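Chemist: coordinates only, no sequence provided:
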């Protein structure tokens with residue numbers, strides 16, 4: 001691959017994917033190789049896509065250091081963009097080894113928002129669980145040594161967030177990253193505080209709307225399904241319990257064909273031992 005060109009991300013470097021039926025840009029807009037975010041972070045390639053945006057590998061144009069950049073399409077609603085800014089704000093305020101480090105954020109002239117984060121090498125817990133299920137003649141649950149390594153780190157990171165007055169509200173295996181260091185150690189990192197809520201007295205509560213369901217139902221506490229404004233730190237603890245159940249058994253405690261049935265199971269039925 002050739003060296004990226006010295007350009008900045010403008011309208012010409014954002015290539016939207018178009019929904020053929022609706023004729024409107026879908027999420028996300030593609031940043032071409034060589035685009036520069038915030039005048040300092042050159043896009044090298046796309047790393048992945050999530051519900052809140054697309055993640056790119058970027059390199060600082062002066063320092064040569066590489067980072068991950070999450071970019072939200074300008075086609076998204078302003079509330080979605082504000083959730084990403086909220087994620088960056090609350091995450092950057094928590095200095096803890098088990099929470100991803102946010103180093104910068106900004107908005108492009110066309111309205112696209114970007115968040116610059118530390119670059120992690122490894123895989124998320126969701127992929128690790130999938131690999132375990134794919135192993136022939138193996139147990140569907142994670143080995144004891146991995147449980148003993150990962151669970152305390154997950155709880156430590158969550159405790160740091162709660163101590164800072166932040167509720168995650170969307171904990172799931174895909175938001176738990178197993179970062180492998182050069183010395184072979186695996187450091188667990190909590191990601192995607194995009195719908196996090198600051199519970200300090202001066203916290204901005206406007207991103208939570210009464211009656212709105214935000215989160216992943218498979219791991220969602222019953223009170224989140226009823227009313228997001230009712231969710232507190234206990235909702236995160238419930239989600240950790242669901243994740244731990246899946247790590248130990250190889251499957252989540254509840255599965256259903258419809259969202260309603262899944263939420264009903266979480267609210268009324270005990271998990272299968």
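Modeler: On my side now, so go ahead. Quick caveat: nothing in here was measured; it's all calculated off a predicted structure.
Chemist: now the helices for the stretch 1-150 of the chain?
Modeler: 78-92, 125-134, 144-163 (DSSP state H, counting those that start in this stretch).
Chemist: would you convert those into a markdown table that also reports mean neighbour count?
Modeler: Where C-beta positions appear, they are placed from N, C-alpha and C, glycine not excepted. Below are the helices of the stretch 1-150 of the chain laid out as a markdown table (neighbours: other Cβ atoms under 10 Å):
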| stretch | mean neighbour count |
| --- | --- |
| helix 78-92 | 19 |
| helix 125-134 | 15 |
| helix 144-163 | 16 |
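Chemist: okay, these in TSV with distance to residue 187 next?
Modeler: Shown next, in TSV, are the helices of the stretch 1-150 of the chain (distance: least, Cβ to Cβ, whole Å):
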stretch	distance to residue 187
helix 78-92	16
helix 125-134	13
helix 144-163	7
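Chemist: which one, of the ones you listed, ends up nearest to residue 189?
Modeler: When the helices of the stretch 1-150 of the chain are compared by Cβ to Cβ, helix 144-163 sits nearest residue 189, at 7.3 Å.
Chemist: contact partners of the closest one?
Modeler: Helix 144-163 is touched from outside by 90, 94, 96-99, 125, 128, 142, 167-168, 171, 176, 178, 186-190, 193, 196, 233, 236-237, 240, 243-244, 247-248, with contacts defined as Cβ atoms under 8 Å, 6 or more residues apart in numbering.
Chemist: show me what the following helix or strand past it packs onto, helices and strands only.
Modeler: Following helix 144-163 in sequence order, the next helix or strand is strand 166-167 (DSSP states H and E). Packing partners of strand 166-167 (3 or more Cβ pairs under 8 Å, 6 or more residues apart in numbering; DSSP states H and E): strand 197-198, helix 233-249.
Chemist: in its sheet, what does strand 166-167 sit against?
Modeler: Strand pairing for strand 166-167, using DSSP bridges, gives strand 197-198 (antiparallel).
Chemist: was I right about residue 267 contacting residue 222?
Modeler: Yes - Residue 267 is within contact range of residue 222, at 3.9 Å (criterion: Cβ atoms under 8 Å).
Chemist: pairing partners for the longest strand seen in the chain, with directions?
Modeler: Longest strand in the chain by number of residues (criterion: DSSP state E): strand 41-50. Next to strand 41-50 in the sheet, as set by DSSP bridges, lie strand 36-37 (antiparallel), strand 53-60 (antiparallel).
Chemist: which one of the ones you listed lies nearest to residue 217?
Modeler: Among the strands paired with strand 41-50, strand 53-60 sits nearest to residue 217 (Cβ to Cβ), with 21.1 Å.
Chemist: only the buried residues of that closest one, if you could.
Modeler: 53-59 (16 or more other Cβ atoms under 10 Å).
Chemist: what's the angle from it to helix 78-92?
Modeler: With axes from the mean of the first three to the mean of the last three Cα atoms, to 10 degrees defining the directions, strand 53-60 sits at 50 degrees from helix 78-92.
Chemist: residue 85 reaches residue 106, doesn't it?
Modeler: No - between residue 85 and residue 106 there is no contact under Cβ under 8 Å: 9.8 Å.
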